[in-house]
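Undergrad: Coordinates for the following, if possible.
(chains A and B)
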Amino acid sequence: METKTSILDIEKVRSDFPILSREVNGKPLVYLDNGASSQKPKQVIDVITRYYEHKNSNIHRGIHTLSQEATDAYEKARKTVQSFTNAQHEHEVIFTSGTTDSINLVASSFGKKHIQKGDEILISTMEHHSNIVPWQMICEEKGAALKVVPINDKGEFLMEGFEQLLSEKTKLVAVTHVSNTLGTINPVKEIIEKAHQKGALVLIDGAQAVPHTKVDVQELDCDFYVFSGHKMFGPTGVGILYGKENILNDIPPYKGGGDMIKTVTFEKTTYNCLPHKLEAGTPNIIGGIGLAAAIDYMNAIGIDRIEAYEHELLTYATEQIKQIEGVRIIGEAAQKASVLSFVVEGTHPSDIGMIIDKLGIAIRTGHHCTEPLMNRLEIPGTARASFAFYNTFEEIDIFITALKRAIKMLL
Amino acid sequence: MTIKEAQNEIIDEFALFEEWMDKYEHIIELGKDLPIISTEHKTEENLIKGCQSRVWLHADLVNDKIIFSADSDAIITKGIIALVIRVFSNHTPKEIAEADLFFIDQIGLKEHLSPTRSNGLLAMVKQIKMYSIAFQAKA
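TA: Below you'll find the predicted structure:
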C-alpha cells in the first residue's frame, strides 16, 4: 500500500488543523464527514481570534479607526472571494449566511420579478433540498412549474433529458456542480451553454465543488454561483452569492434594513448600489474575513494539488471498499469529487455509522438532504465517507477495517 | 416488576459491558430478538419517521394494560426499542403516564434520544406516553 504521497506534505497540513489531533471515544479521530462540514486550520482560527481581539467593531458606517480597519478587512475579504472565483467585479460577490441563503435570495428576488404563471424552472434529480425547496416555494407562489432533469443509475446528469425539458418556458436552471450524496461532477459548462441558448439563466450550487476544485465563474459563464464558507475550511454562517452585475442590479432587494439603503423617508426608500443592496443589516463580518483566510490557506497549498491528492484518496478508498462483500457504491459517475457513498446488503446505514463512530470515525448516514434522489435510487439512505486534503491513506485503512468489523457485528 | 425495577434490571445488565462494542453487540442481539410487529400493524399510521431510521409502534389495551409492539429498519434502534418496550409494555396507562424514563441515560445511550440523532426513538418515547394518556382518557 502506498502510504506517502508526494503531492502534499500531509504531516505539515495535518498539524495546521488542531481538531485532527483529538480523540473520539478513546480513539484518534478519523474525520470523514467533510461533505457536511470541514475542519478549520489554525490560520483561520487565528484570524478570527485576532479580529475579535484587535479590530472588532461595525463596518461601513463608523467614523473611527476600528470601524475603518474592520471595513477594510471585510472588503478585502470580498476581493479575495472575487479573485478566488474570478468574478469580473468585486460587487458581484454578495456575502450571505450560506448556500441555502444564497439560493433563497435568488429564488425570492429573481423569482419575484421574473417568474410568471406558466414559466418553468429546471433542477436535477440529485439536488440537495436547499436547491429544491426554494424553487418549489416560488413556483407555488407564481403558478410556475418545477421540472426535474433525470439521472442514470450511475448518478450522472442526463444531457438528453435536459435538452428535452429545456424550452422557451424555462426561466432558470438550478443545478449542483458536485452532488453531495454521489460525488458526481456535473458538466455545468455544457448545461450553462445549452440553457443560455434557450434564454434561461443558470444558478450553480457550488457548495461541494469549491472545497475541491478550481472554479472560474467567467469561464463557466454562469449567472449565479453559490457556496458556503464552512465546507471550505472557513467559519459557519457565511456564504457567497456570485451574480453577474447586470442581473444583480436588475433584481429587487431580498431583505430590507440598514446598509442596503441610499435614503430612507417614511414615504419612499431608495436602495444602495451593489453589493450593499443585497446585504441588509450588520453582516457576519468575521465570517467573511474567516472565509478569506480559508481561501488564502487553500491557495497556499494549491487547489490543483488539493484536487489531485483527493482524487488519489477517493481512488484508493473506492478500490478498498469494493473488496468488501455486500458493499454497493452509490454514485459511480465517471467524473467524481471525493465523496464515497455506499450501502451494505442486509444492514442499515445508520447502524454502520453508529458503530464506527465508537471507533473514532465520523461519517454521515441518511438521505443527505436528497430525499428525491434516494427515491429515484430506491434506497432509504446511504453511508457516506467524504474526504478532504487533510485525510490520509492510513485513515482510509482504519475506516475500512472498522467498516468490516461493523458489518460482521450486524450480519 | 414495576417500570422502575425493569429499568434497574437493564442498568445492571449493561454494567457487565466495559467496551462500547460489547454494548452494541448486545443491543444488536436484542434487536434481532424483538418480535417483529405484525404486518397488519406495520402501517403508515403507526410509522414514526426519523431522518435516519424508521420506527413502527403499535399499542393494544389488554386487560387494562398496554401491550406495545414495534419495529425499526435499523437494528441498533430496534435493539433500544426492545429495551423500551420491555420497560413499558404490560403496564397500566396510569403507570406508564407517570413513569420516569431514566435507564437510557444511565446505560450511556442518551445520544440516541437526542433530537439531532433523529432516529425516531425520541418520537417513539413521546408516542408511548401519548398512548398512555389516550388510554387513560378512554378508561
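Undergrad: tell me the mean pLDDT for stretch B:101-119?
TA: Across stretch B:101-119, pLDDT averages out at 79.
Undergrad: Same check on stretch A:76-94?
TA: The average pLDDT within stretch A:76-94 is 98.
Undergrad: so A:Leu172 bridges to which residues?
TA: Under DSSP bridges, the beta-bridge partners of A:Leu172 are A:Ile121, A:Leu201.
Undergrad: what residues are up against the residue nearest to the spatial centre of chain B?
TA: Nearest to the mean C-alpha position of chain B, by Cα atoms, centre = their mean, lies B:Val84 at 2.8 Å. By Cβ atoms under 8 Å, 6 or more residues apart in numbering or on different chains, the contact list for B:Val84 reads B:Ala70, B:Leu101, B:Ile104, B:Leu121, B:Met124, B:Val125, B:Ile128. Every residue, glycine included, has its C-beta placed from N, CA and C.
Undergrad: Next secondary structure after the helix or strand hosting it?
TA: Assessed by DSSP states H and E, B:Val84 sits inside helix B:75-88. Using DSSP H and E, the helix or strand that directly follows helix B:75-88 along the chain is helix B:93-98.
Undergrad: So what touches that next one?
TA: Here helix B:93-98 has contacts from B:2-3, B:61, B:64, B:66, B:88, B:128-129, B:131-136, B:139, using Cβ under 8 Å, 6+ apart.
Undergrad: Spell out which residues of chain B are next to chain A.
TA: B:20-21, B:24-25, B:28, B:51-54, B:73-77, B:119 (Cβ under 8 Å from any Cβ of the partner chain).
Undergrad: List the buried residues for stretch A:290-307?
TA: If you call a residue buried by 16 or more other Cβ atoms under 10 Å in any protein chain shown, then stretch A:290-307 has these buried ones: A:290-298, A:301, A:303, A:306-307.
Undergrad: Residue ranges in chain B under the pLDDT threshold?
TA: Residue ranges of chain B with pLDDT under 70: B:50-51, B:114-119, B:139.
Undergrad: Which parts of chain B are strands?
TA: For chain B, strands defined by DSSP state E occupy the ranges B:47-49, B:54-62, B:65-72.
Undergrad: Tell me which strands the second one pairs with, and in which orientation.
TA: This means strand B:54-62. Applying DSSP bridges, one finds strand B:54-62 paired with strand B:47-49 (antiparallel), strand B:65-72 (antiparallel).
Undergrad: which one of these has the most crowded surroundings?
TA: Among the strands paired with strand B:54-62, strand B:65-72 has the highest mean neighbour count (mean count of other Cβ atoms under 10 Å in any protein chain shown), at a mean of 22.
Undergrad: Which residues does that strand contact?
TA: For strand B:65-72, contacts defined as Cβ under 8 Å, 6+ apart pick out B:31, B:34-38, B:41-42, B:53-61, B:78, B:81, B:84-85, B:88-93, B:96, B:119-120, B:124, B:128, B:131-132, B:135.
Undergrad: Could you tell me which of those count as buried?
TA: By 16+ other Cβ under 10 Å, these give B:31, B:34, B:37, B:41-42, B:53-59, B:78, B:81, B:84-85, B:88-93, B:96, B:119-120, B:124, B:128, B:131-132, B:135 as buried.
Undergrad: Three-state assignment for the most far-flung residue of chain A relative to its centre, please.
TA: What lies farthest from the middle of chain A is A:Glu267; by Cα atoms, centre = their mean that is 40.4 Å. Here A:Glu267 is recorded as coil under DSSP: H, G, I helix; E, B strand; the rest coil.
Undergrad: how much space is there between it and chain B?
TA: In this view, A:Glu267 and chain B are 47 Å apart by Cβ to the nearest Cβ, to the nearest Å.
Undergrad: do the same with A:Gly35
TA: From A:Gly35 to chain B the distance is 16 Å (Cβ to the nearest Cβ).
Undergrad: got the contact list for that residue?
TA: A:Asn180, A:Gln208, A:Lys231, A:Val339, A:Arg364, A:His368, A:Arg384, A:Ser386.
Undergrad: make it 10 Å
TA: With contacts defined as Cβ atoms under 10 Å, 6 or more residues apart in numbering or on different chains, A:Gly35 is in contact with A:178-181, A:183, A:207-208, A:211, A:231, A:337-341, A:363-364, A:368, A:384-388.
Undergrad: Just the ones in strands from the residues you listed, please.
TA: Those of the contacts of A:Gly35 mapping onto strands are A:Val339, A:Leu340, A:Ser341, A:Arg364, A:Arg384, A:Ala385, A:Ser386, per DSSP E.
Undergrad: May I have the residues that are in contact with the nearest residue to the second one once chain neighbours are set aside?
TA: I take that to be A:Leu340. Among residues not flanking A:Leu340 along the chain, A:Ala385 sits closest, at 4.7 Å (Cβ to Cβ, 6 or more residues apart in numbering or on different chains). Shown in contact with A:Ala385 (Cβ under 10 Å, 6+ apart): A:30, A:32-35, A:313-314, A:317, A:321, A:338-342, A:356, A:361-364, A:391, A:395-396, A:399-400, A:403.
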